[in-house]
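S.K.: return atomic coordinates for the entry below.
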Amino acid sequence: MNETAEKLFKAREFARLTGVTVRALHHYDRLGLLKPSRYSHAGDRLYRESDVARLEQIVALKFIGFSLREIKNILKGRSTDLATALQRQREAIEDKRRRLQQAISPLNALNL
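M.R.: Predicted coordinates for the structure are as follows:
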């Protein structure tokens, strides 16, 4: 589908379509994570359906614990390769899980 034929969504419509808030879209725009495809004559941010894939990447990386700065670097290719970044994140999550399990064990012993 060429760029001119692709449907454009205002920020509110795009937010509703993707399940994020308009505020998050504006924040991602300010950070340079997800720039609108264009702006309307009235200054509204306009997004394409193809922008959904980029947003899904951001949301997925955020969900697994990357900071927005790290996500920006990963998506711009400034980070180490994605596999290495994901491996490091996995190790950090596993370490956090071990610490949480250590904190939970004494509570389980109290039979609460």
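
S.K.: so after the helix or strand where residue 55 lies, what's the next helix or strand?
M.R.: For residue 55, the host element (DSSP states H and E) is helix 51-63. The first helix or strand that comes after helix 51-63 along the chain, using DSSP H and E, is helix 68-76.

S.K.: run the angle between the next helix-or-strand element following that following helix and helix 68-76 for me.
M.R.: Downstream of helix 68-76, the next assigned helix or strand under DSSP H and E is helix 82-109. In terms of direction (axes from the mean of the first three to the mean of the last three Cα atoms, to 10 degrees), helix 82-109 departs from helix 68-76 by 150 degrees.

S.K.: before we move on, back to that, quick one, the helix holding residue 55 and helix 82-109 angle?
M.R.: Interaxial angle of helix 51-63 relative to helix 82-109 (the same axes, to 10 degrees): 40 degrees.

S.K.: what packs against helix 51-63?
M.R.: When contacts are defined as 3 or more Cβ pairs under 8 Å, 6 or more residues apart in numbering; DSSP states H and E, helix 51-63 packs onto helix 11-18, helix 68-76. Just so you know, the C-beta spots here come from the backbone N, C-alpha and C atoms, and that holds for glycine as well.

S.K.: and if we set it to 10 Å?
M.R.: strand 8-10, helix 11-18, helix 22-31, strand 45-48, helix 68-76, helix 82-109 (3 or more Cβ pairs under 10 Å, 6 or more residues apart in numbering; DSSP states H and E).

S.K.: how close does the closest residue to residue 12 other than its chain neighbours sit to residue 76?
M.R.: Counting by Cβ to Cβ, 6 or more residues apart in numbering, residue 12 lies nearest to residue 22, which is 5.6 Å off, once chain neighbours are set aside. Going from residue 22 to residue 76 by Cβ to Cβ, to the nearest Å gives 24 Å.
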